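Participant: the sequence and its predicted three-dimensional model are supplied below.
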Amino acid sequence: MIESAAVEGNPAGRVDPVAGVDRRADAVIVHLAGELDLYNSHLVREALIACTFEQPPRLVVDLGGVEFIDSTALGVLVEARSRMNERQAFLLAAPGLETRRALAISGLDRHFAVHPTVDEALAAEL
């Protein structure tokens with residue numbers, strides 16, 4: 001089931017950064033989209049932190065719809081992962097070229113489990 005995220009606080013003309021949250025028995029998938037930056041990172045943070053309270057067996061962040069990510073949004077990913085009891089259960093999936101580049105430049109690609117697709121993240125051994 002996909003729940004729509006609130007667009008409150010999101011400037012007009014911008015894509016909602018949280019495209020939806022899909023809850024399954026063994027995983028929560030947060031679908032992100034558009035430009036993730038200082039202006040909307042609070043919306044991403046709210047969604048991810050809410051999901052970490054659930055402590056799902058696997059929390060997958062779908063980055064497939066993300067066109068740009070800045071250091072503020074990268075910090076949100078770090079914070080969310082730190083709130084998981086089992087940090088290896090926090091998985092990134094489907095980053096595009098720009099997002100992969102930001103993860104590499106920041107060095108975060110060495111600290112996060114990054115998978116080419118959501119399905120691969122869901123199937124990965126923890």
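Facilitator: That came through, no problem. Numbers count the residues shown, from 1 in each chain.
Participant: contacts and neighbour counts: CA atoms only from here.
Facilitator: Fine.
Participant: the helices in this structure, which residues?
Facilitator: Assigned by DSSP state H, the helices in the chain fall at 41-53, 71-82, 97-106, 118-123.
Participant: what's the last one packed up against?
Facilitator: What that stands for is helix 118-123. Applying 3 or more C-alpha pairs under 8 Å, 6 or more residues apart in numbering; DSSP states H and E, we find helix 118-123 packed against strand 59-69, strand 90-93.
Participant: hmm, who's touching the first one?
Facilitator: When you say that, I think you mean strand 59-69. 27-37, 51-52, 89-96, 98-99, 102, 118, 121-122 (C-alpha atoms under 8 Å, 6 or more residues apart in numbering).
Participant: coming back round to it: would you list the helices of the chain in a markdown table and tack on mean neighbour count?
Facilitator: What follows is these, written out as a markdown table (neighbours: other C-alpha atoms under 10 Å):
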| stretch | mean neighbour count |
| --- | --- |
| helix 41-53 | 19 |
| helix 71-82 | 18 |
| helix 97-106 | 15 |
| helix 118-123 | 17 |
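Participant: adding mean pLDDT and distance to residue 22, write those out as CSV.
Facilitator: Output for the helices of the chain, formatted as CSV (pLDDT from 0 to 100; distance: least, C-alpha to C-alpha, whole Å):
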stretch, mean pLDDT, distance to residue 22
helix 41-53, 98, 11
helix 71-82, 98, 17
helix 97-106, 97, 21
helix 118-123, 97, 12
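Participant: got those as CSV, with distance to residue 21 columns?
Facilitator: Formatted as CSV, those follow (distance: least, C-alpha to C-alpha, whole Å):
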stretch, distance to residue 21
helix 41-53, 8
helix 71-82, 15
helix 97-106, 20
helix 118-123, 13
